[in-house]
Every structure is written in structure tokens, then in C-alpha cells.
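[1] okay, here's the prediction I keep looking at, along with the sequence it came from:
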Amino acid sequence: MLDIRFIRENPDAVKENIRKKFQNSKLPLVDEAIALDADKRKAQSEANDLRAARNQLSKKVGMLMGQAKKDPSKLEEAEAAKEQVKANAARLAQLEEMETKLGEQLNNIMMVIPQMIDPSVPIGPDDSCNVEVERFGEPVTPDFDIPYHTEIMERFDGIDMDAAGRVSGNGFYYLMGDIARLHSAMTAYARDFMINKGFTYCIPPFMIRGNVVTGVMSFAEMDAMMYKIEGEDLYLIGTSEHSMIGKFIDQILPENKLPQTLTSYSPCFRKEKGAHGIEERGVYRIHQFEKQEMIVVCKPEESMQWYEQMWRYSVELFRSLDIPVRQLECCSGDLADLKMKSCDIEAWSPRQQKYFEVCSCSNLGDAQARRLKIRVKGEDGKMYLPHTLNNTVVAPPRMLIAFLENNLQADGSVLIPEALRPYMGGCEKLIPKN
């Protein structure tokens, strides 16, 4: 969400940004916002004049009524002043109603105009234009066939999607035995990895109110992702970023408390609307999963430095588990409306002979802070909006896929990298049961 003053002073830049995001249908919104803002400010100005006049007339009425005790002719003048106060009050009520209505209309438009993207973002209409920046680790193709990830899990009696289908429907699963333990080991390892980087570990609420939802994401994302609790103003979170950023709603943070560096665990719930390819069956794209997230709230001038650091944490973690990855810069058309810059970390899939997304790192600038009214009080006493960032540490369903494929051996066993062994009871290798 942009500052209306910025839109008013830079309408051409805002329109060009919309074009770069290939959302030309939103171009008229810029002029609509400016017109509504002008009408709102005009109403505010007239209302302020009437309030000032009301104060003056009220004093005048009091003075005239006092004088009328000695000079009855002043009574008529006082009554006229009272009538003027009533007339002004009626007009003021109209203007206040107009201000509210115009403010709501303006806010609805402002929530749809996208955030200004960073100049470094590549321009393109969709994810086919995302740009590979760097690779980490050598992609390996073994000389034996790698089964689909659910088939690997089934060899360990580690998954039951049929039972989950009977209990919950499509898009759910039971993890069991060594695979379930591996899942938990990954989240525990990711938790400690981030704690060792200086982040504070958090377990947030798994449901949030509607005003927090609209504060952290666009309407389009909300419709595609969020499950609403029927009869209540509560939504199941799609990622812990939602409730972690919401933690600061309507708060004024002392500048000396920045940056806020947090790592949070939560289950995540997503509708996952839309058609997906055959490679996204199994546990790749599901309605419920668990995730370790990293969140930063910082000074605006520090946000790009944190962005760089955060995605590199993901690379470091995946490489510690012997998984080759690459960084992919998201193009303008692939950025959600609140994001100013974003990249994906993709893991190598030996079975598919390509990379697939396992982490997403985003700098949202001051968009979430403005929507949620998160402010910082500087040492000089002035208020400003902080920047917010988020990145996936691990999301075990996809991490499991990358881990199993990259550590699978010809005999069907799965090697456990040294970094993960303490979380697996010292186990060095998983032996299949089937």
C-alpha cells in the first residue's frame, strides 16, 4: 500500500510501475485515487473551517446572551447566531459523512494499487521470466532410477495418503515412522539453525483476525489462500509470517528495538486454488503442512541488506544437508502486489532433472507496516514506517522431497547428513522396510 501523497506527487511513476507489473487494468485507479483524495481533502478543509466558525459563534452567542441582560436588543442578534450554529452543524454532519465515505472508497482503491518494485527487479509478465542468478552445489544425476517421492516414502512405510483421503479428502497425508521422524528432525534443525543466527524463536497464533489478513496480503492472495472460520472473524494462517507481522499491529516500536529478528514455527493451511501439474501431486502442493519461517522488521535503509542475508541463510541450510540449490530472481509480473523484491531458492531434483521451489524470500518495504499501522519512533522523536521481510527456513513437505531424492542410494537407503544426525538419534542411514 502506497502513501497517497506519493501517488499525488508521482502519478506517472505509479502508472509506470503498474505497467511493469502487467496490470494495465489498474491504471485508471491512479487517477481515481487522486480525484477521491482531492474531494476528501476539500471536504476536510470545509469541515475544519466550520468547526472553527462554530467555536467563534459559540463564544459570540455566550457573549451576546450576557449582554442581553442589560440590552434586550442583543437577544435577537444572539438568536441569529444560534441559528447559524445549527445550520453549520447540519452542514458539518454532511461533510463528516462525506469524509468517511470518500475515505473508505479511497482506502479500497489504495489496497489494490501495487507496491513500487525495486529498480533491480527484472521485468516480465510471469514466472517464465524469472532469472537464475547463482547456483550453489553441483547438481548430481545418479546412475539409477529415482522413484517419485511418495514411492520412496512408501518403501519406509512412511506415508498413507489413502487413509488421509478417507479422513480429510485430497491434499492431506499421514506421515509415519522414519519419514515422520525425519520431518520433525528437519523442523527442529531449522529452528536451531536460525536461533544460532541470532533469531528469537516463536510459536504464534495459528488463527488471525480479518484486519490482520488484509494488512499482510492482497485481496487476490487472500481469496486464493485463506480458510475462514465460519461465523467468526478468524482465518487459519497460510504461513506464520501472517501472525508474526500481525504481532506489531497498531504498535509504536522504539528505534533501539530494531531490527526485530524472529523465527517461527507453525502449521500452515492453504486452499491452493487453481490447476497444478502432475509433478505437483503427492505432498508437493497440499492443504496442510508445517513450516519454519524467518521474519525481520527493520529500518528502511537496512532492508536490502537483510534481504540479501536472509536468502543466503536458506542456501547455507540446504547445502548443510547436501542439497544443491539455486537462487532465482522473481520478475515484476511474478511479484505479489505488496512485494518490492523477491527471490526463490530452488532445490535440485535428480528425478526431474530440474530445480523446484523450496523457499521464497521477500522484501515488502513499508507496505505491511502502512496497512497495519506499525510505526517506529526515531531517536529524534519523529515517526516512520519500518520495512518487513520474510523467508522460508524449511517447509518439510518440499524439503522432504529434495532431501529424499538427493540422499537416496542405489540400494534404496537414504543417507542422513552429519548436521541432521543429532535430531535423528544419531542415525546415519534410513533402511527401507519394503
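    Received the coordinates, thanks.

[2] what about the nearest residue to residue 102 once chain neighbours are set aside, helix or strand, and which?
    Nearest non-adjacent residue to residue 102, counting by Cβ to Cβ, 6 or more residues apart in numbering: residue 40, 4.1 Å away. In this view, the C-beta of every residue, glycine as well, is placed from N, C-alpha and C. Assessed by DSSP states H and E, residue 40 sits inside helix 27-68.

[3] again, but for residue 166
    Per DSSP H and E: helix 161-167 holds residue 166.

[4] low-confidence ranges in this protein?
    54-88, 273-280 (pLDDT under 70).

[5] which residues touch residue 340?
    By Cβ atoms under 8 Å, 6 or more residues apart in numbering, residue 340 lies in contact with 115-118, 121, 363-365, 367.

[6] return the closest of these with respect to residue 416.
    Within the contacts of residue 340, proximity to residue 416 (Cβ to Cβ) peaks at residue 363, which comes in at 34.4 Å.

[7] quick one on the thing from earlier: which strands or helices does the helix holding residue 166 pack on?
    Helix 161-167 is packed against strand 174-175, with contacts defined by 3 or more Cβ pairs under 8 Å, 6 or more residues apart in numbering; DSSP states H and E.

[8] tell me how far the strand it packs on lies from the chain's centre.
    The chain centroid and the centroid of strand 174-175 are separated by 28 Å, computed with Cα atoms, centre = their mean, to the nearest Å.

[9] same question for stretch 231-239.
    Put simply, stretch 231-239 sits 15 Å off its chain's centre (Cα atoms, centre = their mean).

[10] quick one: end-to-end length of it, please.
    Taking Cα to Cα, to the nearest Å, stretch 231-239 runs 22 Å from one end to the other.

[11] one more: stretch 138-157?
    End-to-end distance for stretch 138-157, by Cα to Cα: 31 Å.

[12] buried sites along that stretch?
    Across stretch 138-157, burial judged by 16 or more other Cβ atoms under 10 Å covers 139, 146, 148-150, 152-156.

[13] from the chain's centroid, how far away is it?
    In terms of Cα atoms, centre = their mean, the centre of stretch 138-157 is set 33 Å apart from its chain centre.

[14] okay, strands next: where are they in the stretch 51-200 of the chain?
    Taking DSSP state E, counting those that start in this stretch as the test, the strands found in the stretch 51-200 of the chain are 131-136, 159-160, 174-175, 200-202.

[15] can you tell me which of those strands is nearest to residue 186?
    Set against residue 186 and scored by Cβ to Cβ, the strands of the stretch 51-200 of the chain come closest in strand 174-175, at 11.4 Å.

[16] which outside residues touch that closest one?
    Taking Cβ under 8 Å, 6+ apart as the rule, strand 174-175 contacts 153, 158-161, 163-164, 183.

[17] just the buried ones from these?
    Among the contacts of strand 174-175, those classed as buried by 16+ other Cβ under 10 Å are 153, 158-161, 164, 183.

[18] and these as JSON lines, adding distance to residue 198?
    Formatted as JSON lines, those follow (distance: Cβ to Cβ, whole Å):
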{"residue": "153", "distance to residue 198": "35"}
{"residue": "158", "distance to residue 198": "34"}
{"residue": "159", "distance to residue 198": "36"}
{"residue": "160", "distance to residue 198": "39"}
{"residue": "161", "distance to residue 198": "39"}
{"residue": "164", "distance to residue 198": "38"}
{"residue": "183", "distance to residue 198": "26"}
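
[19] got CSV for the strands of the stretch 51-200 of the chain, with distance to residue 250 too?
    Formatted as CSV, the strands of the stretch 51-200 of the chain follow (distance: least, Cβ to Cβ, whole Å):
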stretch, distance to residue 250
strand 131-136, 37
strand 159-160, 43
strand 174-175, 39
strand 200-202, 19
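
[20] what's the most buried one of those?
    Counting by mean count of other Cβ atoms under 10 Å, strand 159-160 has the highest mean neighbour count of the strands of the stretch 51-200 of the chain, with a mean of 20.

[21] and for stretch 140-159, what's in contact with it?
    With Cβ under 8 Å, 6+ apart as the test, stretch 140-159 has contacts from 161, 173-180, 182, 282-284, 324, 348, 350-351, 353, 400-401, 404-406, 408, 410, 412, 414, 430, 432-434.

[22] please enumerate the helices of this protein.
    Residue ranges of the helices in the chain, as given by DSSP state H, are 4-9, 11-20, 27-68, 73-110, 149-155, 161-167, 177-195, 210-216, 219-225, 240-246, 303-320, 367-372, 396-407.

[23] and of the ones you listed, who's closest to residue 204?
    Among those, helix 240-246 comes nearest to residue 204, with 3.9 Å by Cβ to Cβ.

[24] quick one: that closest one to chain centroid distance?
    Centroid separation for helix 240-246 versus its chain: 8 Å, with Cα atoms, centre = their mean.

[25] now do stretch 352-370
    Worked out by Cα atoms, centre = their mean, stretch 352-370 lies 9 Å from the chain centre.

[26] and it, end to end?
    In stretch 352-370, first residue to last residue: 42 Å (Cα to Cα).

[27] with stretch 321-334 instead?
    End-to-end distance for stretch 321-334, by Cα to Cα: 29 Å.

[28] on that earlier part again, can you tell me which of the helices of the chain is most buried?
    Greatest average neighbour count among those goes to helix 240-246 (a mean of 26), per mean count of other Cβ under 10 Å.

[29] just checking, the residue nearest to residue 102 touches residue 101?
    No. Look at residue 40 against residue 101 with Cβ atoms under 8 Å: they stay out of range, at 9.1 Å.

[30] tell me how far residue 228 lies from residue 237.
    Residue 228 is 12 Å from residue 237, where distance means Cβ to Cβ, to the nearest Å.

[31] who has more neighbours, those two?
    Applying other Cβ atoms under 10 Å to residue 228 and residue 237 shows that residue 237 carries more neighbours, namely 27 against 14.

[32] against residue 1, how distant is the more buried one?
    Going from residue 237 to residue 1 by Cβ to Cβ gives 20 Å.

[33] just give the nearest non-adjacent residue to residue 246, would you?
    Excluding the flanking residues, the one nearest residue 246 by Cβ to Cβ, 6+ apart is residue 212, at 3.8 Å.

[34] check which residues of stretch 424-434 are buried.
    Under 16+ other Cβ under 10 Å, the buried positions of stretch 424-434 are 424, 427, 430, 432.

[35] scratch that, stretch 247-261
    Buried residues in stretch 247-261, counted by 16+ other Cβ under 10 Å: 247-249, 253, 258-261.

[36] of these, which is the nearest to residue 97?
    The nearest member of the buried residues of stretch 247-261 to residue 97, counting by Cβ to Cβ, is residue 249 at 27.4 Å.

[37] please name the residues that touch the closest one.
    Counting by Cβ under 8 Å, 6+ apart, residue 249 touches 211-212, 215, 372-374.

[38] alright, calling it a day.
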